[in-house]
Each structure stands twice: as structure tokens, then as C-alpha cells.
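A.B. asks: Generate coordinates for the sequence data below:
(chains A and B)
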Amino acid sequence: MKKLIRVILFFFILLFLIYGICYLLLPQKNIKKYGMIKVANNEILGEDKNTIDSIILGDSLVYSGISPMDLWHNYGYTVFDCASEALLTKDAYQNLKIATDNQEAKVVFMEADVLFRDEKRMPRSRRLKLAIKYFFPIYQYHNNWKKYLFSFVSEENKDFIDLNINKGYKLVKSTHSAKKKRNMKKSNKKKSIPTTNLTYFDKIVQLSKEKNIKLILISIPNLEKWSSQKHNRIQSLADLYDLEFIDLNDENVISIDWQKDTRDFGNHLNYRGALKVTHFIGEYLKKNHLVMDHRKDSSYESWNKSDKLFHLK
Amino acid sequence: MSYFKPFYLFFFFPLVILGYYLLPKRVKPLYLLFCSYVFFFLISKKLILFVFLSSLSIYLAGIWMKKMNERRDCQLQNMEKEEKKIFKEKYKQKKKLILIGTILFNLSFLFFFKYLNFFMTIVNKVFQFISIDISFPWVKRLAPIGISFYTLQAISYLIDVYREKIKPEDNLFKVMLYLSFFPTIMEGPIARYTEVKDDIYQGKKITYHNLCFGYQRILYGLFKKLIIADRLNIFVKLAFQRVDIYSGATLALGVIFYTIMLYMEFSGTMDVVIGSAEVFDIKLPENFRQPFFSKNISEFWSRWHITLGLWFKDYIFYPVSLSKPVKKLSTSVRKKMGNKVSSLLMGAIALFAVWSLNGLWHGAGWTFIFFGYYHFILILLGNIFTPYIIKLCEVWHINRKSFFYQFFQIIKTTILVFIGELFFKAPTLTVAFTMIRKIFTQFSVSKLSKEILKLGLDSKDFIIILLALLVVFVISLFKERGFHIRQKIEQQPIVLRWTLYYALILGIVIFGAYGPGYIPVAPIYADF
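C.D. replies: The predicted model follows:
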């Protein structure tokens, strides 16, 4: 019994220490209001209030496919990728709720493929990984030790611990060419969307209306998962809610070279591919006068700092 | 799944411990077998059939040989001495047939999954050369996990039964557990039946001491893998991918880092494996004994992947060197050229067999075969020249036991190991030779200083690597001097002990190369 108590005590202290370190390494902003776990899982909470003009909701396709720092660099738009691996529609709703609590975004792009992800079909190992990432935010932030230690080697600005320099984007420059070509057969069929996802999508639409945000459905180029059936289903959903749907998997809209623009054989875009999608988004926002150029605004100075650091990588 | 995945560390392994702890003693080994098959199934799915077939084949062959022994012993009782000899020989031949048949049966799986494509490529090239228009397709086959390891274990069991070194097991489940025990199934160590049978089948209790010691060892493995190996992986990957653009000095650093990474990955895995078994009070054989303190290549291989080396020694080296044709050849050479040459030749033939198979075991490719012969030549040269070097040292009054001489030997051996690992890692022999050429002809320190921070690691990463390597070095030095560091820690007051454990865990959590931006090293040896 004594030994059992000892084991429990050991793990209790360990948990306390891990969360203590988490607190040190995590962005400090908004921790009091939202708690450590929410701040860790919603990187947008590290941004200053009402500075983000556009939010992109989605999964790995988004954080591999749209580079906000290039949108800032070329257009001066403040865009944030609110994206995480294998995101579910219900979590997309939660993310939007948290993001719009602090930001007065004007446009929200929602990646359409997320709507087809069925929670019940998700492999257990992936669920476990996501749970670990969620409850142990140190998984994402442990590398922030570099901002505290060994500053004699290279000085990194400690203020940047609060900021995500990439604004949610995950930079990968390597290329692993796709081994096949796009073979999207035309079809009139529609792929079904799980009912729970439709319920949460409805909530996303209502929240956007409530906050006066323009919601746009978008599909990011993907060789493996996207299909004509998915396109048809999303188009009908967009028609139903009177939303705009931009299908970037349509080769007439954007031209992706699957030999050079992918990091993992056609599953996700690399930086080269992401620049093409980013350019499209930038031009779209510019053409429709949806957001403003903030590059000359001194209150956005931290974006210029992030820009410099991002383009050093 | 690998031993470093959260699924194993936080879910599978704790669940196995809990179940094992709660179950009664007699069911514990069966439970371990069940968990081992679940583990295997999670990785290799239906290929689980092959590990079962291997277990079944060696079990049946063992029983068959046992029955033959019993019949032989029974019949021998009423025979004359001369008759006994003939009779024994007859039985030995029959047993040999069973042995060879079962070994071939097991090797056929290994050949099919691992080597068929390689040999088909050779056959295709030969056909192409002699203008025969036949080509065998290259078919991607997913091999059962750890097939190279459990096949060697199966063969060792069979040969030991044949040699009557061990009694064959009557219980099929026990043989199945011996081959598939989940901590060893992926990357070994290649345990002999005699080494584990007493521990594995007893269903010993999980004690507080074993739990602490087991987890201590697992943590040390995680430290090596997550802080050092996975961090170096970033640099190594880029260096070996872009041999064309980097300078010789950067490539040399890539080779050094690869060797360190390989050692940290494999020995770290062994720490997790041995630690996992230790929790159940099962002692597995060690696979590493501070290999980078070796003074020559032979010694290196007696400290690196020890269980594989011992396997080759017992089941290839001795049988080949004591085989009739080699003995015959040795006798005739002895008559003409003397004892020294004869024993050198005998050793060389056996070594050649060992290193041909060793290279091939590591992989079906020319780089691996070259890797094998590279070591064969180094060891052979060592055997030939060592007596002369000893004499030379005596003549020149060089103290071979002095620190400087021994340090020089260690450095020389380490450099030779680096070169060997270059061939081991390079995708083709052409790339390997290009790297060697660049290292020796384009070695520029100024270029290295420009390139070093462009391969994914920053200066702070290098500091962490250096500090972690220093920790491993100090621990290795203690071990080398026979200082039992774990027992010493156990004797410390609880506050000091726990502080040390927390420092280790938090060190791994903070400085580990995991999460966004890092790609962990895939279990290198699990592919062999």
C-alpha cells in the first residue's frame, strides 16, 4: 500500500511539473481567460485582439496549403490558419467560436473536405494521438525552450513566445512527387456527409451570420482524397445556404504540378504548391475588396517582424 | 507501431502490465503470449500466420527429434560398441534431414519476403546480358515484422535441439511465446532458448523494484532516441539526400552523425526492449557493450549487436571452420605452409561465410553485401598483421597499454566504423563512392561553416546534442569501468532519486525532437 501511494504521488508531482513547464513555454496571452489547453490548441489566441481579418478553418490541407505570411508580405492581409490535423466539423465550430471571440474577422474560408470526416471511422491510434496533443500542449510548444536557453549562441526575441510566426501554417519545402496523375471521373453522384457534421456546419453558418462574417467554402488541392462526388455534394450544400464555393481542385481554377508541388506524393502541398493557392486567395480578397492592407499601419509591426523571421527559414 | 509510439508507451504497455499484475501466476505466460500476438497483429495483420507457422514447425521438429532420441536410446541399450556407433550415425543422419528441412522451411519465408526481389533483379540482369527476353517483375512485399530476428531464433532453437544442448519444449504455447515475445519481436535481441526459458515461463510477480528498474531503463532509451537520434535524423536525411550539393566536410559530418544516430536509435530501442522485459522480471541478453571503446574491428563487433555476432559465431563460424572440407584443406595447407597459415586460412574461410551472410542479413542490396565484405577484409587484415604490430611495438618500445596508444586505437577503429556505416546508409554503391571521393577531395572547413546550419539544425540543437552525448558518454564510461550506476542510484535517498527521474523525464519532454517539424527515425533494424 505504501508503495502504491508512492507511485501515485510520483505521477502526481510529475503531472504538476509538466503542466508547470507547459505554462512557461506556452503563449501567455489569454491563458487566464481560456485556460492553458485552449490557448495551446488555438494558436490564434496568441494574436492581439481584433487584428485578424480572415480565418481559414480546416485540417492538414489548410496548414500545408495556405501561407498567411506570404499573404501579409504580398498583400498586407492578416490571415490565420485555424487548422489542425484530422479536424472534425464540431471542432471547427469550436475553433471559430473561440477565434471570433477575440477577433473581428471579415472573411472565413472553410475547407470543404473536413465535412466528410466521420469521427466514428477515425482510427483509434489517431484519436489517441490527437488526445495526447490536446491534453499535453507541451507536444506542440516544447521547442520554445530555444527562446529561453543558450542565448549566447543566438538571440531569439522572447516576445515571440506569444506569437506564431507562421500564423498556423506549417512550412515544408521538400518535394515527394506524386506517383499518379489526377484521374477525377465526372459523376453526378453526391458523397454523403455525416449528420453530426451537417448539424455543426449549420452552427458555423449561423455563427458567421451573427458575427457578420462572409463564409466561403473552399477545397484545397489534393490528389488523393478529392472527388467529383465530393464536389457535387459541397456545391449543393453551398447552394442550399447561399454560400460561395471555390473548388481549387478544379484544374481550370488553379494549376498544380503534382510532380513539384507536393510534399507527400499528392496528399498535401509543399511550400511551392502553397504559394500558388496563397496567391489565388490573395487575388480573390483583393478583387472583392474584402479586407484591408495593413502593411503601413504601425500597430501591425509584429507582423513585419514575423515576416522577416518567416522568410529567413 | 514502434516501441517509441505513444500507443505503446501510454496504452499498450501499461495495459499489459496491469493485466499481468492482476492475473494468477499460471495464466501469466499465456497472457504474455496473447499480448505478443496482439502486438504482432497490430503491426503485421494477417502476416501473423507466418510467425505461427515458424513456431509450429520448430515445435514439431523438436518433438520429432526428441522421439527419435528416445527410440535411439532405447535401442542402443542392447547393442555392442561398434554397432552402437553405426546406429548413432544412422539416427544422426535422419535427424539432420529433419533439421535441414525445417530450417529451409523457415528460410523460405525469409527468402520470399526479403530476398526474392533482389535475386530476381540479378536474374533479370543476367538474362538481359545474354539477350534472353524474359523479365521477372519487382513485386512489393510487406514482410512480417521482425522476420529476420525470429527466424534466427527459430534456427538457433532447432540447432540446439539437434545438438542435444537443450531439451525440446513439449508445450506449443511456450515455443510460440519464445518466438513472438512482444518486446523482442521487432528488433531482437536474438535470445537463445536457454537464456530466457526460465524467466519467460515462470509468470513471475511484478515487483516495485522491477517496475522502477524497468522504467529507468526505458527512460534512458527514450533519452537516447528522442533527444539525440531523432534530432540528428534531420541533418542525416538531408546530407544523404543531396550528396551532389554539399561539401566533403559536411558529408563527413553527415556520416559521423548517421553512425551516432544509428547507435542511439538501436541501443535506445534495446534499452526500451530490455526495460520492458525487466518489468516482468525477464532478463534478456544485452546487445551493446560500449562499442565505441573498441580498439579494433573484431572487438567492435563483439560489443555491437552482440546477440547477432554470437549467433553467427555459434551457428556459422564454428560449423564452417570445423566442417570436413575446411578441415581437409587446412590439413593439406598445414603440411605445405605450416600451422600459422593453415589456421589463418581456416579462420578466413569461416569469416568469409559469416560476413557474406551478415551483410545479406542486414539487407538485400549491394551496399549491404559490400558492408559485409568491408568488415571481413578489416578483420582478416587485423588477424594477419596483429602479430607483426605487436613485434614492432616491442622493437620501438611502444607501450601498448599506455593511454595514448589505446586512444589512438579507439580513434582508428571509430573512423573505420564510420566508413563502414557510410556504405550501410548510402542508397547505392555509386553514391557511397561519390561521398568518399568528396570527403577526401573536397574537404573544406570554411564550406562546412557555411553549410552546417542549413541542414535543419540550429546552434541550440547542436548544444543539446553535445550535452546529451556527454551524458551518454559519462554513463558509458562508468559502465566500462564496472561501476553499477543503477544500483548506486537505488541506494540514494528518495528526494535525490526522484529529482534525477524528474530531470530525465522533463529533459526528454522539453528537449526531445518530436512534434511539429520533426520526423522520428523509423525503427532501422526492424526493417532487416
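A.B. asks: Okay, and B:Phe404 sits in which element?
C.D. replies: helix B:403-425 (DSSP states H and E).
A.B. asks: Tell me the buried residues in the lengthiest helix in chain A?
C.D. replies: Longest helix of chain A, by residue count under DSSP state H: helix A:2-25. Neighbour counts over helix A:2-25 (16 or more other Cβ atoms under 10 Å in any protein chain shown) mark A:14, A:18, A:21-22, A:25 as buried. C-betas here are computed from N, CA, C, even on glycine.
A.B. asks: contacting residues for B:Gly275?
C.D. replies: Counting by Cβ atoms under 8 Å, 6 or more residues apart in numbering or on different chains, B:Gly275 makes contact with B:213-221.
A.B. asks: Out of these, which sit inside helices?
C.D. replies: Using DSSP H, the subset of the contacts of B:Gly275 located in helices is B:213-221.
A.B. asks: Out of those, which comes closest to B:Thr121?
C.D. replies: Of all the ones in helices among the contacts of B:Gly275, B:Thr121 sits closest to B:Gly221, with 36.5 Å by Cβ to Cβ.
A.B. asks: Report how many residues lie close to that closest one.
C.D. replies: 23 (other Cβ atoms under 10 Å in any protein chain shown).
A.B. asks: about what we covered before: can I get the contacts of B:Gly275 in TSV including pLDDT and distance to A:Gly266?
C.D. replies: Formatted as TSV, the contacts of B:Gly275 follow (pLDDT from 0 to 100; distance: Cβ to Cβ, whole Å):
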residue	pLDDT	distance to A:Gly266
B:Phe213	93	48
B:Gly214	95	43
B:Tyr215	94	42
B:Gln216	94	45
B:Arg217	95	42
B:Ile218	96	38
B:Leu219	95	39
B:Tyr220	96	40
B:Gly221	97	36
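A.B. asks: filter these by proximity to chain A?
C.D. replies: When the contacts of B:Gly275 are checked against chain A using Cβ under 8 Å from any Cβ of the partner chain, none falls in range.
A.B. asks: related to what we said a few turns ago, so which of the buried residues of helix A:2-25 also contact chain B?
C.D. replies: A:14, A:18, A:21, A:25.
A.B. asks: who are the neighbours in contact with the first one?
C.D. replies: Contacts for A:Leu14 were tallied using Cβ under 8 Å, 6+ apart; they are B:502, B:505.
A.B. asks: so how far is B:Ile349 from it?
C.D. replies: Using Cβ to Cβ, to the nearest Å, we find A:Leu14 at a distance of 57 Å from B:Ile349.
A.B. asks: now the last one
C.D. replies: From A:Leu25 over to B:Ile349 the distance is 60 Å, taken as Cβ to Cβ.
A.B. asks: With B:Ile465 instead?
C.D. replies: Relative to B:Ile349, and taking Cβ to Cβ, B:Ile465 is found at 43 Å.
A.B. asks: okay, these two: which has more neighbours?
C.D. replies: Higher neighbour count among B:Ile465 and B:Ile349: B:Ile465, with 21 against 18, using other Cβ under 10 Å.
A.B. asks: Count the residues that sit near the nearest residue to B:Glu164 once chain neighbours are set aside.
C.D. replies: Using Cβ to Cβ, 6 or more residues apart in numbering or on different chains and skipping the chain neighbours, the partner closest in space to B:Glu164 is B:Asn69 (7.0 Å). Counted with other Cβ under 10 Å, the neighbours of B:Asn69 add up to 16.
A.B. asks: remind me which residues of the stretch 51-200 of chain A are low pLDDT?
C.D. replies: Applying pLDDT under 70 to the stretch 51-200 of chain A flags the ranges A:153-163.
A.B. asks: sorry, back to before: so among the ones next to chain B among the buried residues of helix A:2-25, where is pLDDT lowest?
C.D. replies: The pLDDT minimum for those sits at A:Leu25, where the score is 82.
A.B. asks: which residues touch it?
C.D. replies: So A:Leu25 contacts A:138, A:141-142, A:144-145, A:161, B:510 (Cβ under 8 Å, 6+ apart).
A.B. asks: top helix in chain B by residue count?
C.D. replies: Ranking each helix of chain B by length (DSSP H) puts helix B:248-279 first.
A.B. asks: gap between that one and the chain center?
C.D. replies: Remark: helix B:248-279 is offset 12 Å from the chain centroid, using Cα atoms, centre = their mean, to the nearest Å.
A.B. asks: Next, the angle helix B:403-425 makes with it.
C.D. replies: 90 degrees (axes from the mean of the first three to the mean of the last three Cα atoms, to 10 degrees).
A.B. asks: Residue in chain B with the shortest distance to chain A?
C.D. replies: The nearest approach of chain B to chain A comes at B:Ser459, 4.1 Å away (Cβ to the nearest Cβ).
A.B. asks: What score does that residue have for pLDDT?
C.D. replies: 88.
A.B. asks: wait, it sits on B:Ser449?
C.D. replies: No - at 11.6 Å, B:Ser459 does not count as touching B:Ser449 under the criterion of Cβ atoms under 8 Å.
A.B. asks: which residues in the stretch 151-300 of chain B form helices?
C.D. replies: B:172-180, B:182-185, B:193-200, B:208-222, B:230-241, B:248-279, B:297-303 (DSSP state H, counting those that start in this stretch).
A.B. asks: most packed of those helices?
C.D. replies: helix B:182-185 (a mean of 26; mean count of other Cβ atoms under 10 Å in any protein chain shown).
A.B. asks: quick revisit: of the contacts of B:Gly275, closest to B:Leu23?
C.D. replies: B:Gly214 (18.0 Å).
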